[in-house]
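Student: give me the fold of what follows.
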Amino acid sequence: MRVPQREKLMCRGQQPRLSLHGSAALIRSLAVAASHQGSGGATAICDHLESEGASRGVEEVYLLTETAASFFKKRGSSEVSRESAPREIASSEEFSEICPQSAVFMRRSIEMAPLPPV
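Tutor: Down below sits the predicted model:
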């Protein structure tokens, strides 16, 4: 899938990336402009980030979201308690300081498993 032009797809100032923490990683700063939601861009970005993580030995991807839990559930992520976060993830700035306690914490295994259909 081709990702639409980044400057049109992403919200200003956002740069989606994967923060690596051993065999775990945290998806950071994935925010899609309202005008491009449903276009497949977020799916393509997640596919890329998860593929990058898998190639670096990542087995589980974590994320925090206030607005996109249903999107990530469709991709195979499950809601988990913050208390279950690996130490490296729990000590990250995003987890401990940036994202509010109201954000949903999610996990997805990426042990080269095929992505579920979206």
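
Student: sticking with Gly38, tell me its helix or strand.
Tutor: If you go by DSSP states H and E, Gly38 is not part of any helix or strand.

Student: any idea how far Ala68 is from it?
Tutor: As judged by CB to CB, to the nearest Å, Gly38 and Ala68 stand 12 Å apart. No exception for glycine: its C-beta is placed from N, CA and C like everyone else's.

Student: list the contacts of the residue most central in space within the chain.
Tutor: With distances taken as CA atoms, centre = their mean, Ile27 lies nearest the centre of the chain, 3.6 Å away. Going by CB atoms under 8 Å, 6 or more residues apart in numbering, Ile27 touches 16-19, 46, 49, 61-63.

Student: three-state assignment of it?
Tutor: Per DSSP: H, G, I helix; E, B strand; the rest coil, the secondary structure class of Ile27 is strand.

Student: what's the span of stretch 27-40, first residue to last?
Tutor: End-to-end span of stretch 27-40 (CA to CA, to the nearest Å): 17 Å.
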